[in-house]
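Using only what follows, build the 3D model:
(one chain, ligands or ions: 1)
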Amino acid sequence: MKLPIYLDYNATTPVDKRVLEKILPYFTEHFGNAASRSHLYGWTAQEAVENARLQVADLIGAEAREIVFTSGATEANNLAIKGLYELYSDFKNHIITVQTEHKAVLDVCKHLEKSGCETTYLQPDSSGLISLEQIEDAIRPETFLISVMYANNEIGTLQPIKEIGALSKKREILFHTDATQAVGKIDINVDDDHIDLLSLSGHKLYAPKGIGALYVRKKSKASQLIAQMDGGKHERGFRSGTLNVTGIVGLGEACEVAKYDLLSENQKISILRDKLEQGILQNITDVQVNGNIENRLPNLANISFGGVDGENLLISFRDIAVSSGSACTSATVEPSYVLKAIGLDDNLAYATIRFSLGKYTTEEEIDFTIQYVKEVVESLR
Ligand SMILES: Cc1ncc(COP(=O)(O)O)c(C=O)c1O
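Next up is the predicted model:
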């Protein structure tokens, strides 16, 4: 068993070896620019990109031409929200979102507020869920977008996406979901869920970092969104810039692997997650599990440890690689805003650990982790 044990799959995942193998030739022999129209090098790259577009679309029930490749989910969220605001701002200026969204949604809204956008940040309940009534109550005549994440990156809570999608459709408001943590873990179908725009990221599903995609429904006003990157009109004008062919090939392959593995892998992972959670709950006193237990990512356990100093807790966990709060915000030492939004006080938020498992997690690692966490917490107390 290799130490430290990696239990931070929601921060990032290793590249699947099958994905890596598929990518490698596109660094060397098939190095062409996918926009080169006059020779075989370009055609080969373009063919690989179009194949990947199909693979990504297939995983979420979309059509290939509804997929726009980006550098990741941060860019996809920026493109969706800023691109629609630019489209609508002359006559509509209101966005509905949630306090527990990722910063890649919240900070985009904050940015737009400087130029006249208005945002309603819904407060979730203590399990991280929002209700349809809250959305209904927040809708105004000026609302052009509802943006609600599929699964929360810290506590794993799954929002009622299908119901929110149906409501958005009924009220003729566009619906965007940041599905970065859900794609590859949950079976998603953009039609069933009435999703107009969906963001996803390669490095959360065993593809490389620096690649992602935005799904844009073609038969909706979303498809008129204004590009935020101008230049050579790549990606049908939605996102200029030479395509990251190796990343795109990797994302495509990772999506195909995920589609094939989805149910069996996630069932296995959730059994290990339950074992970890039960092991901690039964062996350590004064612990609490955060998030919505019934509607939660299968790979995640977010656990608070009462009576310990949060900073000491994280630095004491030398043999396990875990996260306190979101990895994306861990440069600032602030209690997690997600945990605060669901009602945890600062001390308990600091003393909270996110365990996120993945397809390479083993039972032996989980057995070790239960015992190890028990020893560390007891010694700190
Ligand atoms: C829910 C969510 N949205 C967006 C992002 C950002 O994704 P990327 O790293 O691809 O920019 C993350 C990464 O942690 C995330 O968890």
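
contacts, neighbours, all on C-alpha from now
Fine.

how many other residues sit next to L344?
The number of residues packed near L344 is 19, by other Cα atoms under 10 Å.

again with K219
Close neighbours of K219, defined as other Cα under 10 Å, add up to 10.

same question, L40
12.

and if you look at D367?
14.

now L297
L297: 25 neighbours (other Cα under 10 Å).

Skipping its backbone neighbours, what lies nearest it in space?
The shortest distance from L297 to any non-neighbouring residue, by Cα to Cα, 6 or more residues apart in numbering, is to G156 (4.9 Å).

just E365 next, same as before
I5 (6.7 Å).

Tell me the spacing between that neighbour and G156.
21 Å (Cα to Cα, to the nearest Å).

Which helix runs longest in the chain?
Longest helix of the chain, by residue count under DSSP state H: helix 245-283.

So for the residue of the stretch 201-350 of the chain at minimum distance from the ligand, what's the nearest residue that isn't a sequence neighbour?
Relative to the ligand, the nearest point of the stretch 201-350 of the chain is S201 (4.4 Å; Cα to the nearest ligand atom). Of all residues not flanking S201 in the chain, G212 sits nearest, at 4.1 Å (Cα to Cα, 6+ apart).

picking that back up, the more surrounded of I5 and G156?
Higher neighbour count among I5 and G156: G156, with 28 against 18, using other Cα under 10 Å.

Phi, psi for the more buried one please.
G156 adopts backbone torsions of phi 80, psi 0, taken as degrees, to the nearest 10.

okay, now I173: neighbour count?
Neighbours of I173 under the rule other Cα under 10 Å: 20.

Next up, the contacts around it.
Counting by Cα atoms under 8 Å, 6 or more residues apart in numbering, I173 makes contact with T143, F144, L145, I146.

Could you measure from it over to H194?
Distance, I173 to H194, by Cα to Cα: 11 Å.

bridging residues for the residue nearest to S201?
T70, S201 (DSSP bridges).

what pLDDT, on average, does the helix or strand that contains V19 get?
Using DSSP states H and E, V19 sits in helix 17-23. Helix 17-23 shows a mean pLDDT of 98.

which strands and helices sit next to it?
Secondary-structure packing of helix 17-23 (3 or more Cα pairs under 8 Å, 6 or more residues apart in numbering; DSSP states H and E): helix 245-283.

After the helix it packs on, heading C-terminal, what element do we hit next?
Counting by DSSP H and E, the next helix or strand C-terminal to helix 245-283 is strand 287-290.

got a list of contacts for that next one?
Here strand 287-290 makes contact (Cα under 8 Å, 6+ apart) with S127, I155, I280, L281, A301, N302, I303, S304, F305, G306.

quick one on the thing from earlier: for the residue nearest to E365, list the residues it contacts.
The contact partners of I5, by Cα under 8 Å, 6+ apart, come to D319, I320, A321, E365.

Which strands and helices lie in contact with the lowest-mean-pLDDT helix or strand in the chain?
Least confident helix or strand of the chain, by mean pLDDT, DSSP states H and E, is helix 310-316 with a mean of 86. Using 3+ Cα pairs under 8 Å, 6+ apart, the elements in contact with helix 310-316 are helix 346-350, helix 363-380.
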